[in-house]
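Q: My questions concern the predicted model and sequence given below.
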Amino acid sequence: MEMAAEYRLFANRFQAALFLLGLAAFWSGCLVLAVMELVADPHIGRNAQPGPGEAAAILVTAVGAIAVSIAHQILLKRMTARSRHTMGSMIRTLLPSTLADAARTLGLNGAMVAGALYTVLLVGVLTFFTAFIRR
C-alpha cells in the first residue's frame, strides 16, 4: 500500500519565507507606529513632518504589506485550487496553524514562530488602542 504524499500549504521555502517575513514586517511596523503614537507629544500639530524613525516604520510596514499580500494570493490559489475562494479560506491563511506550517517549511519551530508573531500582533493592537484612548 502506497502512502499519500504529504500535502503542504507552501509549495517551497521561498513562498513560506515571503509569507512569514511579510507578516512579521507588517505586524512589527504597525507595532512600532503604535508605540510612536503612544509616546508622542500630544501637543504636536497636525502639520508636523514625520521623522526618520516614522518614515522607516512606514516603509517597513508598506513593504511587509506588499510581501504578505503577494504570498497571501499565492497561498489562496494553492489552498483553493479545486474550489472557490471563501471567507473561511481567507481567514485560514492567518491562523496560527498556517504560520506554524510556514515556519516548519523553513525548518523552524512552528509553535514558537506562530506564538512570537501573534504576540507582536496582540501587543500592537493593545498599544494602538491604548494610544487611541489616551488621546
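A: Perfect, thanks for sending it.

Q: who's in contact with the worst-scoring helix or strand of the chain on mean pLDDT?
A: Confidence across the helices and strands of the chain bottoms out at helix 87-92, with a mean of 83, counting by mean pLDDT, DSSP states H and E. Judged by Cβ atoms under 8 Å, 6 or more residues apart in numbering, the contacts made with helix 87-92 from elsewhere in the structure are 76, 79-80, 83, 98. Just so you know, the C-beta spots here come from the backbone N, C-alpha and C atoms, and that holds for glycine as well.

Q: which pair in these spans the largest distance?
A: Comparing all pairs in the contacts of helix 87-92 by Cβ to Cβ, the longest separation belongs to Ser83 and Thr98, at 16.9 Å.

Q: Counting neighbours, go ahead and name the busier of these two.
A: Thr98 (21 against 8; other Cβ atoms under 10 Å).
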